Structures are given as structure tokens and as C-alpha cells.
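In: Provided below are the primary sequence and the corresponding predicted coordinates.
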Amino acid sequence: MKATGLALEGTMKRSEKNRHILSRIIDCVKFCGAFELALRGHDESQSSDNPGIFRGLVDFVAALDGVLKEHLENATVFKGTSKTVQNELLDCMLSVVREHIIKEAQSSDFLSIQADETTDVATQCQLMLVLRYIDAKSNIQESFFAFIPLHSATADSISTALKEHLAVIIPEDQKSKLISQAYNGASVMRGATAGFASFFSRSPKRTDVLDKVVARRLPTSSSVRWNFHSRAVNTVFEQREDLIRCFEMIRDSSDFDPVTVREAGAFAMLLEDSDFNFFLQLFHNIMPHVDLLYAKLQKKEIDSVHIKKSIQQFQEDIQKIRNSLHSLVDQSNEGGGPQPKRRRSLSPEVHKRIAAEICDTILAHSMERFSFTNHLVSAKQIVLNGNKLKTELSLIYSKEEFRTCCGAVDLLQLFMENNLVDVFSETVTLLKILITTPMTTAEAERCFSTLKRIKTFLRNSMTQERLNALAMLSVEKRLVIEITDFNMKVIEKFASQKERRAKFLFK
């Protein structure tokens, strides 16, 4: 009996040691995933000078952890640093996070999904799935769930893929809680193949002149950052005189090829053109309001009331710019200076007419794009108690402290903080429906940005499971930190996969 007890105690100590070692390795994988770093190196042999970030990080942690260092030096069968172990750990991490998200989604009253598709660097069509719900702490969650590979971006294939994944997320008896589906089938972010920034980025010699004269780089257009267009407009407007000197220096230099000289001369003439400067000034005035609206629409805690107020404010700002076009035209004519004689400039009347059309187009698009906020309807509302809801809303509108709340999110939080959920039960249900309904698909676009950073030209052959796991660790890094005993849960899944993993189990 004594020998059996000692053997059991020794087994438990070895198991605890092995779990400690594996937990440190999991921390290294989590770090690489959270910061979108490539785990694999060019050569992962012991004598390699480029074993990869993961192996380098494991060696660094081993220098601070004697138990891990001893394991790496003495282990012969299982070190825990091979690509096979990496993939298995990533699969376990993905499974733990997904189980947590599914549990939260199933315990919420309502659920919405966001779906969008894009093509990755390997020309694989990827369908992105995000879940939106209110968690147990009454916080709005927009959780990344998966990148789903599609053979084609047709409605049938998208529908089939979503049904398969939703069957895992939502049990048959909870299908009614899915109240909203948001899709974005339009490509609204475009890159650019020409322009001031492109001129300099194609040549180190040109960039060197830009650094010496302007001392500031020009933002390039980006397919994942919408505000880069605004930054480019503002930079050109603010640095116009320095840019003119820069282009003239390149144009008059004998160190550049004829094509560069001609392009620099054309850009210098463009920056001196009165028509160009008028519209540059116009968009310099417009873009800050676009940026402000863009920033507001990126927030998760947003509802139809916030959107409506933001759109109204944006439209008022654009209307003010439209109403003040006469002063903008006068200002442009006063500061025009000598103009190139190659063509005749547009008249002030034409400037004003075109600028008014631009403002009108922006206003019309803003009204059309967000017109859905005026008729939000949910089929779930038909199960509400109409009489009780009417009584609750009458009381809410009669109280100043309720009327001062800005939107559904603020009102729901007020009910939660003051324990009024049961008193205003029908209103709370209605608020949860409105809040769970996604107002934008901004989270989908953020996930696409993550996809482009993880699956790059040098990492274009990774498996779909590895891609999803790395994307989950990056997008949901905060959730990974908040999950209680995350490492232990991963170890439990890892240990139960194969018989040889019995060394991690206590029994």
C-alpha cells in the first residue's frame, strides 16, 4: 500500500510538472497568436539560426523558467515544440474559445449574425461569421467565430455554409432567438494604383528627396484602413508648398530618368492648378466629418438612436459646408496666384455648382445608405405584451431620468444598474432586440484586416484550422485572457487526444 501511494504521488508530481511545462508552451503560442506573429521559422533544427519566433520565445521563457529549461535539454520523445504539437495546441485553443462563445450565445436571450466574404492571398474565398449577443453581464459582444472556405460566393453556397455552422451554435429548440442577419456584399474599400504617395513609394531616390524637403511621408491608400484617404487629403493640403518644391527639385535634377522628371513636372503643375486646389480645399473641409462619422459607426455599443443622431449631425455639417460654398469660392479666387497657361481654369460659378453637386451627392448617399434606421422591425415584437409595453413606455417617457438616456444601450444599462429589469420587463425585451440587431458590419471588416495580416504571401499555405485558430487568438485576445483557467482547459483537451498524452492526467 505504501509503495502504491508513493507511486501515485510520484505520478501526480510528474503530471503537475508536465502540465506546468505545457502551460508555458501554450503561453508562447498565445503570445504569437495575439500579436499575429509567424510561429514557424525557415529551419527549426536545433542548430538553426532562424528557428522562428515561437522557438525563440520558448528558449527565452526557458531562460527564466528552470523547469522548462530542464525539460528542453533532457526530453527525447516529447518536447512540445514541433509543428504537430503547435497545430494540436492551436486546435485545442480554438475549441476552448468557441465553446465559451457558444455557451454565452446560447445563454443570451437573442442572437444576431454578421456574414461577409472576401478572397485571401491564396485566392481562396473566405466567408467570415461573427456572432452578436448580450452576455450575462449585459455587455454587447461581437465575437468572431470562423472563417469558412467557400468554393463559390453564390447565395446557395453561403446559405449552406451558414446553416451548417449555425446548427452547431444554436440548438433546435433555440432557433427562434436568431433575430437578425447582416450581410455586406459590396466592396466599399478600394486601393489606389496612382497618386502622390504611389509616385514616391516606387523609388527610394524619390522618397529620399521627399524626406529632405517635406520631412513627412504621404499616407498610401489601404484596402483595410478607410481613413487613409482622409489622411492623404489632409497631408497634401497642409504640405502643398513643400510638395511643390519637392516635385520641382526632382523635375530640375539630372539624377532622375525622363519618366520620373515628366511625372514630377506634371504633379508640380497639378498642385499649382486653381481647380485642383479648390477641390482639395473642399474635401479637406469635408473629410473630418466623414472621419468622425466613421469612428462612431465602428463602435460595438451602437444602436439605431445613436446612428440616427450621428447621421443627422453629419448631414447638418455637410449642409453647412454647402451653404458656405460662396466664401470657399471667394477664398480660392483671392489666393490663386499665377496659373499655368496650358488650359483655362473653371469659372467661380462652375466651381460652386460642382461643389454643390458633390455635397448633394454625399447627403443623398448618407440618407439612402442609412434609411433602414427609420423602419427597424423585428418579428420577435409580436410576442410582447402590448398593453404592458404601452404602460411601461408611457411611464418611461414621463420621467426625465429616462428621457435623458441616449439610445437603447444607455436605457438598458440604467434598468440594470437600478434593478428595474422585472419592473420594465417588456421594455427590456424590446431593448435587447434592438441592441442585438447589428447596426453596421464593422466587426466583419476588422476580421478581414486580421485575415490579411495572418495569411500573407509568405504564409499562404496554412491549413484552414490553423488560420481559424490564429485568427481567434488575435481577434479575441481579450476573451482568451478573461476565460478562467484557459491554459488548464486547453491542457485537458490536449491530454485527452491520444494515449501517449496520459502523462498529463492525474488518473
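Out: Alright, I've got the coordinates.

In: alpha carbons only for contacts and neighbour counts from here, please
Out: Will do.

In: and the helix or strand hosting Ala469, C-alpha only, in PDB?
Out: Ala469 belongs to helix 464-475 when assigned by DSSP states H and E. Output of helix 464-475 as PDB, limited to C-alpha atoms (Å, rounded to 0.1, in the frame of the first residue of the first chain):
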ATOM      1  CA  GLN A 464      -8.000  26.300 -42.600                       C
ATOM      2  CA  GLU A 465      -7.900  25.000 -39.000                       C
ATOM      3  CA  ARG A 466      -4.600  26.800 -38.300                       C
ATOM      4  CA  LEU A 467      -5.900  30.000 -39.900                       C
ATOM      5  CA  ASN A 468      -9.100  30.000 -37.700                       C
ATOM      6  CA  ALA A 469      -7.100  29.300 -34.600                       C
ATOM      7  CA  LEU A 470      -4.600  32.100 -35.200                       C
ATOM      8  CA  ALA A 471      -7.400  34.500 -36.200                       C
ATOM      9  CA  MET A 472      -9.300  33.600 -33.000                       C
ATOM     10  CA  LEU A 473      -6.200  34.300 -30.800                       C
ATOM     11  CA  SER A 474      -5.800  37.600 -32.500                       C
ATOM     12  CA  VAL A 475      -9.400  38.900 -32.700                       C
END
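
In: give me the buried positions along that helix.
Out: Residues of helix 464-475 classed as buried: Glu465, Arg466, Leu467, Asn468, Ala469, Leu470, Ala471, Met472, Leu473, Ser474, Val475 (neighbour count, 16 or more other Cα atoms under 10 Å).

In: how about these in TSV, adding pLDDT and distance to Lys205?
Out: Listed next are those as TSV, based on pLDDT from 0 to 100; distance: Cα to Cα, whole Å:
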residue	pLDDT	distance to Lys205
Glu465	94	43
Arg466	94	41
Leu467	95	38
Asn468	96	41
Ala469	96	42
Leu470	96	38
Ala471	96	38
Met472	97	41
Leu473	96	40
Ser474	96	37
Val475	95	38
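
In: contacting residues for His284?
Out: His284 is in contact with Ser230, Val233, Asn234, Phe237, counting by Cα atoms under 8 Å, 6 or more residues apart in numbering.

In: now do 10 Å
Out: Each residue near His284 by Cα atoms under 10 Å, 6 or more residues apart in numbering is listed here: Ser230, Arg231, Ala232, Val233, Asn234, Thr235, Val236, Phe237, Glu238, Phe278.

In: now do the helix holding Ala469: distance to the chain's middle.
Out: Taking Cα atoms, centre = their mean, to the nearest Å, one finds helix 464-475 lying 14 Å from the centre of the chain it belongs to.

In: how about stretch 63-76?
Out: Distance of stretch 63-76 from the chain centroid (Cα atoms, centre = their mean) equals 38 Å.

In: what lies in contact with that stretch?
Out: By Cα under 10 Å, 6+ apart, stretch 63-76 touches 17-18, 20-25, 57-62, 78-81.

In: and the protein, what are its domains?
Out: Residue ranges for the domains of the chain, per automatic domain parsing: 194-272, 276-376, 377-436.

In: just put these in CSV and tack on mean pLDDT and distance to Ser461.
Out: Shown next, in CSV, are these (pLDDT from 0 to 100; distance: least, Cα to Cα, whole Å):
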stretch, mean pLDDT, distance to Ser461
domain 194-272, 82, 22
domain 276-376, 81, 31
domain 377-436, 84, 36
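
In: right, and the ones you listed - which one's nearest Ile170?
Out: Closest to Ile170 of those is domain 377-436 (Cα to Cα; 15.6 Å).

In: and Gln126, that's in a strand?
Out: Yes. Checked against DSSP: H, G, I helix; E, B strand; the rest coil, Gln126 lies within a strand.

In: who does it form a beta bridge with?
Out: According to DSSP bridges, the partner residues bridging Gln126 are Thr118, Pro149.

In: could you measure from Ala408 over to Ser138?
Out: 12 Å (Cα to Cα, to the nearest Å).

In: which one of those two has more residues nearby?
Out: Set Ala408 next to Ser138 and count neighbours by other Cα atoms under 10 Å: Ala408 wins out with 23 against 14.

In: look up how far Gly407 lies from the residue lying closest to that one once chain neighbours are set aside.
Out: Distances taken as Cα to Cα, 6 or more residues apart in numbering place Leu431 nearest to Ala408, at 5.7 Å, with adjacent residues excluded. From Leu431 over to Gly407 the distance is 9 Å, taken as Cα to Cα.

In: and for Ser180?
Out: Distance of Ser180 to Gly407, computed by Cα to Cα: 19 Å.

In: got a list of contacts for the helix or strand that Glu349 is a member of?
Out: According to DSSP H and E, Glu349 maps onto helix 348-369. By Cα under 10 Å, 6+ apart, the residues outside helix 348-369 that reach it are 275, 278-279, 282-283, 286, 290, 311-312, 314-316, 318-330, 332-333, 345, 347, 371, 373.

In: pull out the buried members of those.
Out: Among the contacts of helix 348-369, those buried by neighbour count (16+ other Cα under 10 Å) are 275, 278-279, 282-283, 286, 290, 311, 314-315, 318-319, 321-322, 325, 328-329, 332, 373.

In: and those residues, which of them are in helices?
Out: Among the buried ones among the contacts of helix 348-369, the residues falling in helices (DSSP state H) are 275, 278-279, 282-283, 286, 290, 311, 314-315, 318-319, 321-322, 325, 328-329, 332.
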